[in-house]
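1. Build me a model from this:
(chains A and B)
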Amino acid sequence: MVTLLIILGKVLVGFGGLLLLAAYMTWMERRVFALIQVRVGPNRVGPSGLLQPIADGIKLMFKETIIPAQADKVIYVLAPAVTLIPALAAFAVVPFGDSVTVLGQKVDLVLADINVGILYIFAMAGIGVYGIVLGSWASNSKYPLIGGLRSAAQLISYELSLGMSLLGVVMIAGTLSLKGIVEGQAGMPYIVLQPLGFLLFVVCMLAETNRAPFDLPEAESELTGGFHTEYSSMHFAVYSIAEYCSMITLSAVGATFFLGGWRGPLLPPVVWFLIKVLAFMFFFMWLRASTPRLRYDQLMGFGWKVLLPLSILNVILTAGAVVFIG
Amino acid sequence: MATQTRQTDPLDSDMLGPIQTETMTLNMGPQHPSTHGVLRVVLELDGETVLTCKPVIGYLHTGIEKNMEEKTYNKALPMTDRMDYLAPMSNNLGFVLAVEKLLDMEVPRRCKYLRVLLAEMTRLNSHLVWLGTHALDLGAMTVFLYCFREREQLLKIFEKVSGVRMMTSYFRVGGVAREPYPTFYDDCRNFLEPFSDRVDEYEELLTNNPIYLRRAEGVCAMTVEQAYALGITGPLLRACGVPYDIRKNEPYSGYEEFDFEVPVGERGDILDRYLVRVAEMRESRRIAMQAIEGMPEGPLMADNPKVVPPPKEQLAHDMEALIHHFKIFTEGYSVPEGEVYQAIESPRGELGYYMISDGSPGPYKVKVRAPSFANLHALGEITRGGLMGDVVAAIGSIDIVLGEIDR
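-> Sure, this is the predicted structure:
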C-alpha cells in the first residue's frame, strides 16, 4: 500500500512538476527575451507577471476550437496528444535527485529506473515526431504539409547524431541506465571526458526540439507557423506544452549525461538538478533571441555532412580510449 | 498545376510504374507575416524548390495619383505621405521639388539644408525598419527590436517638428510647414551622435554571423544587366556595383554641397544589399551631421507671397497678407502650364514625380515613378530555382512598401 502511494506520489510530483515547469518556461522565455531585447516583458499578471502562464492557459482553454472543414477530424484532434504523451513519458527515466527516505522507505527520485533508459528516451522522442507529422497531414493544408515534411526530415537526420553523441558517455559509464550514468560521475562530470560529445549533443538537441536556429518546421516568417498553422485553442496549447516538455526532458538528459545530473556541492540534489536544467533552458532562449534561422538545405547538409561524421568520429575515439586506456 | 511524369523506378519493376508527381501551387499572402504588407506571391513549388514566383499586387490600391488631379497642390501634398509611409518626407520632398520646378521657384539655402537633414533622417527611419524586418524574416528577432528602439526616437523628433509621427507632410511648396522647435537641432544631434555605435550593434548581430552569411551570401543575386533591364534603382542597383545615386548624379535640394560616399557592392546578392544599406545609414548620419553643423542663417521660406502663406501675426494688421492667406487656402495658387519630371533618391531608389500642369491650381496629371514598383519586378527573376526560405529573404532584401507600389 505504502509502495503504491509512493509511486503515485512520485508520478504526481514528477509529471506535475514537469508540466508546471513547462508552463513557467513560457514565462521565463518571455522575460529572458525582454531582458535581451531591452523590453520589460510580462509583468502585469501577479508579481513580476508570475501568474501569466496560468492566465494564458485559462485564455486558451476558453478559445473556440476550430477544426478546418477539410481536415481529417479524428487524427487532427489526436495528433497533439501523440506529441505530448511521449514528451511527458520520456521524462520518467530521468533521475532528478538522490534517494530520500519517505515513510521509512528508501525512495529513488526517478519514476522508473530501467536498465535501457536512454534507448527508452530515444524511442519516446521518435514517437513524438509522429504527432507533428500526423497533425500537419491531417490539417490538409499546404503550409502545415511543408512544415510536417520538414519536421520529419529534420528529426530523422538529427536523431542519428543525437544518439551517436551520447554513445561515448554510455561506453565510458558502461550502462544504459540513467541512474547508473549519474553514479558514474561521482568523481567528475563526463563533460570533461566528452567535450566533443557535449557540443554535438547540444546542437542536435536544438534540432530535435525544433528550436532556433533549427526551428524550420514552425518558421513563422516562412510557413506562418508550420505544422500548427491550423491549430487553435487547447490543441495549439498542447503542441506548445509538448515542445517545452521535450526541451526540458532533453535538457535533463543533457544534465544527466554530461553535467553530473543532480550531483553538486552544498545545495540539495533536486536544486542542483533544476539549476542545470534551467541553464540549458536559458541557453535555448538565448540562442533563439540572437540567431537567424538556417535554410532547409543547409540544415540537412549540416546534419549529414558535419554532425554525423563528427559524432561517429567521437564514438570511434571514445571506443579506442576505453579499450586501450581503460 | 503542372503534372509531370518522372521515371523514378529503382527496382525496375512493372508493378510500380512511373510515379506521378505534381508541383504544388502555394499562395503566399496577402495575409502572411513576411510579405511586408499585402503583397501576394503565387509560388509554384517542387518540394521546397521554387519553380516560378509571381508577385500579385493591387491589394492596397488607393488611387492616389488620380485623386491628386482633383485637388490643389497643397491639398495633394499630404497624400504623398501615404504612398511610401516609411519615408514620408522623401515623398514630400519629391512632390514639392516638382511643383517648385514648375513654378521656377528657388527656396532659401537654410530651407534646403533643413530638408536635407530631415530627408536623411527619414532614410535612417526607413532603413531601420528595413533592417529590422529583414532580420525578422530570417528569424533573428532581437535586431528588429533594437532597430525599432532607435526608430522610436526618430519618430519622436518627427512628431515634435511636424505634429505627426508618420504622416508628417512637413515640407511645403516654397519651404516647410513651420519653423522647427527651439531644441530641434539638439535633439537631432543627441540622436545622431551615438547612432554609429548603434549601427555597430546591429552589425555585431548579423554581419559576421555564420548563419546570416549562409542565408545571404550568393543568394538571390542579380546581375547588372538584369538590373538595367528591369529598371532597378537604389540600394539594389548599387549592390550590383553601379554607383548610381541621384543625390550625386543629379543633385537636388543642395546635395552638391555635402560630402558623402555612395557605397556599392560587387555580387548583387542579399549580403551586398545588406552591406550597402548599412553603409548608407552611416553616410546618412554623416550628411545629417553636416547639415546641422553647416546650417545657414537666413529666411526659411521662399519670398513668394502668392504661394507661401504669410506668418500668422501679419494677418491682424496687414490687408495684403490677409488676402494672400485667404486666396492660398481657398482656391490655391496657379502654376504655369508645362510638364516636369523631378527625381529624388528615396531610401528605396529613384522616386520620380512626373507632373503636367494646365495652369490651374491643381495638377492635370501626376504620375509617380515608385522605386518599389520597379524593384519588385526582380522578385520572380532572382528567386527562380531557389528555396522557399530564399523567397522570404528576397522580399525582405528588395525592401518594398506596398503603399508605394499600388498607389
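2. quick one, strands of the chain?
-> Looking at chain A here, since you left the chain open. Under the criterion DSSP state E, strands of chain A are mapped to A:97-102, A:105-109.
3. Hmm, no, I was thinking of chain B.
-> With DSSP E as the criterion, chain B has strands spanning B:3-6, B:19-22, B:24-28, B:40-46, B:49-56, B:171-172, B:175-176, B:338-346, B:349-357, B:365-369.
4. Tell me which of those strands is the most buried.
-> strand B:171-172 (a mean of 26; mean count of other CB atoms under 10 Å in any protein chain shown). No exception for glycine: its C-beta is placed from N, CA and C like everyone else's.
5. so where is chain B shaky, pLDDT-wise?
-> For chain B, the stretches flagged by pLDDT under 70 are B:1-18.
6. Enumerate the residues of it near chain A.
-> With CB under 8 Å from any CB of the partner chain as the criterion, chain B meets chain A at residues B:24, B:26, B:32-34, B:47-48, B:135-142, B:145-146, B:149, B:205-206, B:209, B:211-212, B:214-215, B:387-392.
7. In chain B, which residue sits nearest chain A?
-> In chain B, the residue that lies nearest chain A is residue B:139 (3.1 Å; CB to the nearest CB).
8. thought that residue was touching residue A:213?
-> Yes: the criterion here is CB atoms under 8 Å, and residue B:139 meets it with residue A:213 at 6.8 Å.
9. shared neighbours, the two?
-> A:291, A:292, A:293 (CB atoms under 8 Å, 6 or more residues apart in numbering or on different chains).
10. Would you format these as CSV with pLDDT and neighbour count included?
-> Formatted as CSV, those follow (pLDDT from 0 to 100; neighbours: other CB atoms under 10 Å in any protein chain shown):
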residue, pLDDT, neighbour count
A:291, 85, 23
A:292, 86, 27
A:293, 85, 28
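11. can you narrow those to ones near chain B?
-> Counting by CB under 8 Å from any CB, A:291, A:292, A:293 from the shared contacts of residue B:139 and residue A:213 sit close to chain B.
12. what about the stretch 201-326 of chain A, any weak spots by pLDDT?
-> Applying pLDDT under 70 to the stretch 201-326 of chain A flags the ranges A:219-221, A:326.
13. repeat that with 90
-> Scanning the stretch 201-326 of chain A for pLDDT under 90 picks out the ranges A:203-250, A:252-277, A:284-304, A:306-307, A:311, A:314-315, A:317-326.
14. Residues of it that sit close to chain B?
-> Residues of the stretch 201-326 of chain A lying close to chain B by CB under 8 Å from any CB are A:212-213, A:215-216, A:219-222, A:224, A:288-298.
15. Quick one: buried ones out of those?
-> The neighbour count (16 or more other CB atoms under 10 Å in any protein chain shown) marks A:212-213, A:215-216, A:219-222, A:224, A:288-296, A:298 as buried among those.
16. Could you check how far residue A:200 is from residue A:212?
-> 18 Å (CB to CB, to the nearest Å).
17. One more: residue A:118?
-> Distance, residue A:118 to residue A:212, using CB to CB: 26 Å.
18. How about residue B:253?
-> Distance, residue B:253 to residue A:212, using CB to CB: 44 Å.
19. likewise residue B:160?
-> From residue B:160 to residue A:212 the distance is 38 Å (CB to CB).
20. One more: residue B:118?
-> Taken as CB to CB, the span from residue B:118 to residue A:212 is 38 Å.
21. Now the residue of chain A found nearest chain B. Its backbone dihedrals?
-> With CB to the nearest CB, the shortest gap between chain A and chain B falls at residue A:293, namely 3.1 Å. Dihedral pair for residue A:293: phi -100, psi 140, per degrees, to the nearest 10.
22. so how many other residues sit close to the closest residue to residue A:39 other than its chain neighbours?
-> The shortest distance from residue A:39 to any non-neighbouring residue, by CB to CB, 6 or more residues apart in numbering or on different chains, is to residue B:145 (6.6 Å). For residue B:145, the count of nearby residues is 18 (other CB atoms under 10 Å in any protein chain shown).
23. swap in residue A:320?
-> Close neighbours of residue A:320, defined as other CB under 10 Å, add up to 10.
24. swap in the one 4 residues further on?
-> Counted with other CB under 10 Å, the burial measure for residue A:324 works out to 7 neighbours.
25. and if you look at residue A:58?
-> Residue A:58 has 10 neighbours, counted by other CB under 10 Å.
26. Tell me the confidence at it?
-> Note on residue A:58: pLDDT of 90.
27. What segments of the stretch 1-150 of chain A are helices?
-> Assigned by DSSP state H, counting those that start in this stretch, the stretch 1-150 of chain A shows helices spanning A:2-36, A:52-62, A:73-89, A:117-139, A:142-173.
28. Quick one: the ones you listed as JSON lines, columns for distance to chain B too.
-> Listed next are these as JSON lines, based on distance: least, CB to the nearest CB, whole Å:
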{"stretch": "helix A:2-36", "distance to chain B": "6"}
{"stretch": "helix A:52-62", "distance to chain B": "19"}
{"stretch": "helix A:73-89", "distance to chain B": "21"}
{"stretch": "helix A:117-139", "distance to chain B": "14"}
{"stretch": "helix A:142-173", "distance to chain B": "5"}
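29. for those helices, which one sits closest to residue B:58?
-> Across those, residue B:58 has its closest neighbour in helix A:142-173 (22.7 Å, CB to CB).
30. and the angle from the closest one to strand B:40-46?
-> In terms of direction (axes from the mean of the first three to the mean of the last three CA atoms, to 10 degrees), helix A:142-173 departs from strand B:40-46 by 60 degrees.
31. the inter-axis angle of helix A:142-173 versus strand B:24-28?
-> Here helix A:142-173 runs at an angle of 100 degrees relative to strand B:24-28 (the same axes, to 10 degrees).
32. buried sites along helix A:142-173?
-> So for helix A:142-173, counting by 16+ other CB under 10 Å, buried means A:142-155, A:157-170, A:172-173.
33. Just give me how far it sits from the chain centre.
-> In this view, helix A:142-173 has its centroid 12 Å away from the chain centroid, taken as CA atoms, centre = their mean, to the nearest Å.
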